[in-house]
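Q: Sequence below, structure please.
(one chain, ligands or ions: 3)
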Amino acid sequence: MDIDTITAISTPVGEGAIAIVRLSGADAINITKKIFKGKNLDEVPSHTIHYGKLVDPETNETVEESMVTVMRSPRTFTREDIVEINCHGGLVSVNRVLELVLSNGARLAEPGEFTKRAFLNGRIDLSQAEAVMDLIRAKTDRAMSVALKQMDGRLSKLIRSLRQELIETVAHVEVNIDYPEYDDVEEMTHHVLIEKTQQVYKQIEGLLQTAKQGKILREGIGTAIIGRPNVGKSSLLNALAHENKAIVTEIPGTTRDVIEEYVNVRGVPLRLVDTAGIRETEDIVEKIGVERSRQVLKEADLILLVLNNGDEFTDEDERLFEATAGMDKLIIVNKTDLPRRLDIEKVKQLAENSLIIETAIIEEKGIDELEQGIANIFFEGDLDTGDLTYVSNARHIQLLKNAKNALEDAINGIEAGMPIDMVQIDVTRTWELLGEIIGDTVHESLIDQLFSQFCLGK
Ligand SMILES: Nc1nc2c(c(=O)[nH]1)N(C=O)[C@@H](CNc1ccc(C(=O)N[C@@H](CCC(=O)O)C(=O)O)cc1)CN2
Ligand SMILES: Nc1nc2c(ncn2[C@@H]2O[C@H](COP(=O)(O)OP(=O)(O)OP(=O)(O)O)[C@@H](O)[C@H]2O)c(=O)[nH]1
Ligand SMILES: [Mg+2]
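A: Residues are numbered from 1 along each chain as shown. Ligands and ions are numbered 1, 2, ... in the order given. Now for the predicted structure:
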């Protein structure tokens with residue numbers, strides 16, 4: 001394992017009042033002492049902060065003034081000695097402090113390396129480390145609360161208990177293999193095996209059932225706003241975002257590219273995508289936009305299909321209904337301030353079970369109903385992260401699916417009266433797959449790859 005001292009700027013790039021350069025490792029305090037003029041940092045109590053000047057030992061030039069926090073191993077974020085240098089938040093000043101630390105013996109940290117050390121030193125497990133990243137990226141309060149629970153070790157605890165159950169079944173099997181002469185042991189084994197494996201199977205299934213909501217909490221509901229040019233799609237995006245994000249003009253074909261925006265509709269996280277109005281066009285730029293719109297449409301979890309109340313219902317509108325058949329969809333009849341020319345009966349007929357909502361976005365009418373409609377579609381208005389343990393991470397979901405399959409093999413084997421040591425292989429495999437979620441049984445290259453997705457300085 002690396003034992004060198006790492007450093008990085010732990011605050012975002014850009015101007016701020018304060019920025020933090022963090023050091024972690026056995027030399028963190030020694031390196032800081034070389035550049036810090038103030039109290040003797042060897043003598044200050046752990047978890048205390050101290051004012052002083054930062055001085056370049058080569059030139060004796062004062063580089064910065066600072067507040068320095070000293071935290072001694074092992075009760076720290078990484079379990080190593082940590083120093084946090086709080087300096088002024090200008091771009092130049094933070095970088096000079098970083099350079100100073102680097103030239104005095106620290107190494108620049110890789111992305112995620114602080115959290116990786118917390119993992120390698122056993123303070124947190126892999127799913128907790130991944131939750132740290134989710135927390136940073138959380139777009140809504142609810143996504144954040146899911147991440148916080150995972151960081152707290154909720155998922156880990158559940159996975160550990162499932163693995164424990166599996167180990168117990170394996171133990172029973174071992175007894176059976178070692179003492180085949182006891183008939184009642186065999187009966188017992190069969191009984192226990194069926195019961196325990198099915199119990200674990202049900203819990204894995206339950207976890208997987210939270211995956212759809214978990215994914216939505218994490219990434220937002222992929223929502224495509226589609227419709228003919230000029231019906232008011234970009235106006236709709238702006239209304240839901242409560243901000244003028246997309247350009248709105250009276251010229252059809254205004255939106256040429258796909259515009260994405262995270263919005264929070266009554267606690268439901270939407271990844272809202274405004275698209276170029278779909279029509280047959282000769283304009284080359286618009287053509288590409290229209291192609292992209294069709295692509296977005298295919299990948300969406302929810303469609304907001306916008307129609308113009310003041311215009312006739314056209315073949316192009318009809319084709320949009322066809323293209324979105326069977327998808328979760330809301331029909332928005334916009335521009336109800338204009339006299340109706342739209343064939344609403346036709347719309348009702350094509351809408352099937354989809355809700356039709358009338359809006360006049362320009363007058364801010366119908367937006368409330370629309371927001372309620374969106375909330376209802378996914379969670380009957382109630383997206384509750386309450387007590388459930390969610391899985392939201394694609395890696396975890398895949399591992400759970402594989403574990404479920406392996407356990408299914410085991411259960412089928414038991415029921416078909418397969419030799420017990422064959423069944424054991426599948427049970428052990430399930431145990432290993434679950435272990436990968438928390439990082440008990442993972443390959444080093446996977447660990448490197450996972451942590452490299454982190455932000456620098458985390
Ligand atoms: N300035 C600063 N703020 C920060 C962080 C940081 O690294 N620096 N964090 C970085 O993400 C978060 C806090 N995360 C932390 C998690 C664990 C420990 C820690 O020392 N844990 C010890 C117990 C400490 C105690 O109880 O006194 C341990 O688990 O052994 C510290 C920070 C958010 N705020
Ligand atoms: N009368 C009326 N006009 C509206 C309403 N909503 C939007 N508009 C106007 O319709 C025009 C087109 O709106 P956009 O939001 O740009 O339409 P779009 O569907 O994004 O258009 P493209 O990007 O060209 O496909 C603008 O002039 C809007 O001000 C409404 O409820 N009533
Ligand atoms: Mg537009």
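Q: what does the stretch 351-458 of the chain put close to ligand 2?
A: Ala360, Ile361, Ile362 (CB under 6 Å from any ligand atom). Yep, even glycine has a C-beta here, placed from its N, CA and C like the rest.
Q: got JSON lines for these, with secondary structure too?
A: Rendered in JSON lines, the data for those read as follows (DSSP: H, G, I helix; E, B strand; the rest coil):
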{"residue": "Ala360", "secondary structure": "strand"}
{"residue": "Ile361", "secondary structure": "helix"}
{"residue": "Ile362", "secondary structure": "helix"}
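Q: and which of these is nearest to Ile31?
A: Using CB to CB, Ile361 is the member of those that lies nearest Ile31, at 58.3 Å.
Q: For burial, what's the neighbour tally of the closest one?
A: When neighbours are counted by other CB atoms under 10 Å, Ile361 registers 26.
Q: Now do the contacts for it.
A: Gly232, Ser235, Leu236, Ala239, Asn334, Lys335, Ile367 (CB atoms under 8 Å, 6 or more residues apart in numbering).
Q: For the nearest residue to it once chain neighbours are set aside, which residues are in contact?
A: In space, and not counting its chain neighbours, Ile361 is closest to Ser235: 4.5 Å by CB to CB, 6 or more residues apart in numbering. By CB under 8 Å, 6+ apart, the contact set of Ser235 is Val248, Asn334, Ile361, Ile362.
Q: for ligand 1, what are the nearby residues on the stretch 51-200 of the chain?
A: Arg75, Thr76, Phe77, Glu84, Arg123.
Q: Which of those are buried? Put it as a ChimeraX command.
A: The buried residues among these can be selected in ChimeraX (16 or more other CB atoms under 10 Å) with this line:
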select :76,77,84,123
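Q: and the contacts of Ser235, which two are the farthest apart?
A: Counting by CB to CB, the most remote pair of the contacts of Ser235 is Val248 and Asn334, 12.1 Å apart.
Q: Who has more neighbours out of these two?
A: Applying other CB under 10 Å to Val248 and Asn334 shows that Asn334 carries more neighbours, namely 26 against 19.
Q: min pLDDT across the contacts of Ser235, which one?
A: Lowest pLDDT within these is found at Val248 (82).
Q: now the residue in the stretch 1-150 of the chain that ligand 3 sits nearest to, nearest residue through space, not along the chain?
A: Going by CB to the ion, ligand 3 is nearest to Lys139 of the stretch 1-150 of the chain, at 23.0 Å. Nearest residue to Lys139, sequence neighbours excluded (CB to CB, 6+ apart): Tyr262, at 4.8 Å.
Q: Touching, that neighbour and Ala143? I think so.
A: No. In this structure Tyr262 lies outside contact range of Ala143 using CB atoms under 8 Å: 10.1 Å.
Q: who has more neighbours, these two?
A: Shown here are Tyr262 and Ala143; by other CB under 10 Å, Ala143 has more neighbours (23 against 13).
Q: On the three-state scheme, that one is what?
A: helix.
Q: pLDDT score assigned to it?
A: 76.
Q: now Phe378
A: On the pLDDT scale, Phe378 gets 69.
Q: next one: Gly381
A: On the pLDDT scale, Gly381 gets 41.
Q: Equivalent analysis for the one 3 residues further on, please.
A: According to the prediction, Asp384 has pLDDT 53.
Q: List the buried residues in the helix ranked longest in the chain.
A: In the chain, assigned by DSSP state H, the helix with the most residues is helix 183-209. The neighbour-count check on helix 183-209 (16+ other CB under 10 Å) flags Thr189, His190, Val192, Leu193, Lys196, Thr197, Val200, Tyr201, Gln203, Ile204, Leu207, Leu208 as buried.
Q: Next, format those residues as JSON lines and append distance to ligand 3 and pLDDT.
A: Formatted as JSON lines, those follow (distance: CB to the ion, whole Å; pLDDT from 0 to 100):
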{"residue": "Thr189", "distance to ligand 3": "66", "pLDDT": "70"}
{"residue": "His190", "distance to ligand 3": "65", "pLDDT": "75"}
{"residue": "Val192", "distance to ligand 3": "63", "pLDDT": "77"}
{"residue": "Leu193", "distance to ligand 3": "60", "pLDDT": "83"}
{"residue": "Lys196", "distance to ligand 3": "57", "pLDDT": "87"}
{"residue": "Thr197", "distance to ligand 3": "54", "pLDDT": "92"}
{"residue": "Val200", "distance to ligand 3": "51", "pLDDT": "96"}
{"residue": "Tyr201", "distance to ligand 3": "49", "pLDDT": "97"}
{"residue": "Gln203", "distance to ligand 3": "47", "pLDDT": "95"}
{"residue": "Ile204", "distance to ligand 3": "44", "pLDDT": "96"}
{"residue": "Leu207", "distance to ligand 3": "41", "pLDDT": "92"}
{"residue": "Leu208", "distance to ligand 3": "38", "pLDDT": "92"}
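Q: I'd like the distance between Gly326 and Glu352.
A: Per CB to CB, to the nearest Å, Gly326 is found 9 Å from Glu352.
Q: same check, this time on Val101
A: In terms of CB to CB, Val101 sits 64 Å off from Glu352.
Q: picking that back up, what is the neighbour count of the residue of the stretch 1-150 of the chain closest to ligand 3?
A: 17.
Q: which ones are touching it?
A: Contacts of Lys139 (CB under 8 Å, 6+ apart): Gly220, Tyr262, Asn264, Pro269.
Q: I'd like those written out as CSV, with pLDDT, distance to Val347 and secondary structure added.
A: What follows is the contacts of Lys139, written out as CSV (pLDDT from 0 to 100; distance: CB to CB, whole Å; DSSP: H, G, I helix; E, B strand; the rest coil):
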residue, pLDDT, distance to Val347, secondary structure
Gly220, 81, 28, coil
Tyr262, 86, 30, strand
Asn264, 84, 29, strand
Pro269, 81, 29, strand
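Q: which of those count as buried?
A: By neighbour count, with 16+ other CB under 10 Å, those hold Gly220, Asn264, Pro269 as buried.
Q: Quick check: the residue of the stretch 101-250 of the chain nearest ligand 1.
A: Closest approach between the stretch 101-250 of the chain and ligand 1, counting by CB to the nearest ligand atom: Arg123, at 5.2 Å.
Q: how close does that residue sit to Asn309?
A: Applying CB to CB to Arg123 and Asn309 gives a distance of 59 Å.
Q: what does Thr223 give?
A: 22 Å.
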